[in-house]
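S.K.: Take this sequence and fold it.
(one chain, ligands or ions: 1)
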Amino acid sequence: MLGNPYKNAKAQLKEVSKIIGLTAKEYDYLSKPEHFYKTKLKIKLDNGELAAFSAFRSQHSSSRGPYKGGIRFHPGVTEDEVKALSMWMSWKCSVAGIPYGGGKGGIVVDPKMLSKTELERLSRAYARWASKFIGCWIDIPAPDVNTDSQIMAWMVDEYEKIQNYNPRASFTGKPIEIGGSEGREEATGLGGFYTLENLTKKIKKFRNKKPTIVVQGMGNVGYWFAKFALDVGYKVIAISDSKGAVYNPKGIDIEKVVRHKEKTGSVVGIYDELTNDQLLTLDVDVLAPAALENVITGKNVQKINAKFIIELANGPTTPDSDKILQKRGILVVPDVLANAGGVTVSYFEWVQNLSGYYWEKREVFKKLKKIMDKAFNEMWKVHVEKPQLTLRMTAYVTAVSRVVSAMRVLGRV
Ligand code: NAD
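M.R.: Numbering: from 1, shown residues only. Just a heads-up that it's a prediction; the model follows:
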């Protein structure tokens, strides 16, 4: 991330705090996690040597419900990054109106350097350490960067050995066989698609002509977003992966691109080629960054030609670029709302685990739509009242206000 993410998160909170009139005590309470844990996890490598990895868990706010957030395995994980991400999770859950506060965890490790058995030992070591302060009514971890449903399965197994019962709801993002939810795979892209539909309904010029779309990143989120959009007649004119971008002004066929990527390892080669930098600056109605953080920066922000940006990735726009986009009249639907589909279906997984009653995929999609529509309309209402704010600030105003009102009613501040 550019700059210190925790500093950025606190600066955003300060801005919101001025808008909604938080007291110094309230700001101080929310600017730090309620709990922060760190340790060195020691595991035996396959060659018999011992290795130690720094590990963290940050629990930002429990006023609206248990802490919720992923565990990231990455060499660049830092204490401050984990603290910031846990704060942003509080805002995301609050914007989506789901009854959680924010949490986040991480291990400083490059998982590509570990064998599968080493990765399993490290995942189990994390669950053993975290078992003292997580749980289905306390803090519910999930996958994040470089962690997946298999890692959640190992963690659940380790956690259940310690607890001596079967608290499946203590982790989400699990494989279906052990209590994962139908529809989790599609959830974030589908939530982004519902956001696109909601935005389209609000913009007059899109009433008769659907907007054109460019998607950066054809991974899980980018693929499902593009697929749902194409299925109902939107035109996606370009898409990319880490190797490059392809462009067809008449519209791309996503299944053709998938088959090509499966054969060649990349999207490149099926339509006209572009660099990722060119893709970001195409003249299009909606740009949907769905790959990495910090892709819209001081270097390219003046060249962005999209009318709207839907942030499917986490943190694709740097704070300074956000202000410039606003000045240029480009509306950014922020990540806390646009990619909240993932955490929402994680919430559904938790609800299903706790009740022991499982829903079909179409039930999951229907419930997701209801939550995404409500969250968008609530944000839009504030946007109409306070058009001078960025949509990000608008979403934060709603999010922080809800957390503060829970804190006040609990008598915590
Ligand atoms: P993924 O690993 O499945 O896909 C990422 C895609 O981005 C890949 O196609 C990769 O080739 C591409 N990519 C990498 N570097 C690129 C570059 N420089 N230019 C263009 N493309 C590049 O990841 P994902 O799960 O789809 O997540 C994407 C983003 O969405 C991340 O920011 C993630 O944090 C965020 N997110 C994901 C979820 C989820 O449920 N998966 C939920 C919330 C937020």
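S.K.: got the contact list for T78?
M.R.: By Cβ atoms under 8 Å, 6 or more residues apart in numbering, the contact set of T78 is V108. (Each C-beta comes from the backbone N, C-alpha and C, glycine too.)
S.K.: next one: E311
M.R.: Listed by Cβ under 8 Å, 6+ apart, the contact partners of E311 are 288-289, 317, 332-335, 338-339.
S.K.: Closest residue of the chain to the ligand?
M.R.: With Cβ to the nearest ligand atom, the shortest gap between the chain and the ligand falls at G219, namely 1.6 Å.
S.K.: wait, what's in contact with that residue?
M.R.: G219 sits next to 241, 290-291 when contact means Cβ under 8 Å, 6+ apart.
S.K.: In helices, which of the residues you listed appear?
M.R.: Among the contacts of G219, no member falls in helices (DSSP state H).
S.K.: Derive a PyMOL selection command for the buried subset of those residues.
M.R.: Filtering the contacts of G219 down to the buried ones (16 or more other Cβ atoms under 10 Å) takes a single PyMOL command:
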select buried, resi 241+290+291
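S.K.: just the contacts of G219 that are near the ligand?
M.R.: Restricting the contacts of G219 to those within reach of the ligand (Cβ under 6 Å from any ligand atom) leaves 241, 290-291.
S.K.: Which of those sits closest to V364?
M.R.: Using Cβ to Cβ, A290 is the member of these that sits closest to V364, with 20.7 Å.
S.K.: So for the closest one, what pLDDT did the model give?
M.R.: On pLDDT, A290 comes in at 97.
S.K.: How about the one 4 residues further on?
M.R.: Looking at N294, its pLDDT is 89.
S.K.: repeat for G3
M.R.: On the pLDDT scale, G3 gets 75.
S.K.: who are the neighbours in contact with it?
M.R.: Shown in contact with G3 (Cβ under 8 Å, 6+ apart): 318-319.
S.K.: What distance do you get for the closest residue to S149 other than its chain neighbours to G341?
M.R.: If the residues on either side of it in the chain are set aside, S149 comes closest to P175, at 4.6 Å by Cβ to Cβ, 6 or more residues apart in numbering. Distance, P175 to G341, using Cβ to Cβ, to the nearest Å: 19 Å.
S.K.: More neighbours: which of those two?
M.R.: Between P175 and G341, counted using other Cβ atoms under 10 Å, the more crowded position is G341 (32 against 14).
S.K.: Return the list of helices and strands in contact with whichever strand or helix holds K227.
M.R.: Assigned by DSSP states H and E, K227 belongs to helix 220-231. When contacts are defined as 3 or more Cβ pairs under 8 Å, 6 or more residues apart in numbering; DSSP states H and E, helix 220-231 sits against helix 184-202, strand 212-216, strand 235-241, helix 254-264.
S.K.: residues contacting the residue of the chain positioned farthest from its centre?
M.R.: What lies farthest from the middle of the chain is G48; by Cα atoms, centre = their mean that is 37.1 Å. Not one residue lies near G48 by Cβ under 8 Å, 6+ apart.
S.K.: pull the longest helix from this structure.
M.R.: Counting residues, the longest helix in the chain under DSSP H turns out to be helix 361-385.
S.K.: Would you mark the buried spots in it?
M.R.: Of all the residues in helix 361-385, those buried under the rule 16+ other Cβ under 10 Å are 364-365, 367-369, 371-372, 375-376, 378-380, 382-383.
S.K.: and that helix with the ligand, contact?
M.R.: No. Judged by Cβ under 6 Å from any ligand atom, helix 361-385 stays clear of the ligand, getting no closer than 12.1 Å.
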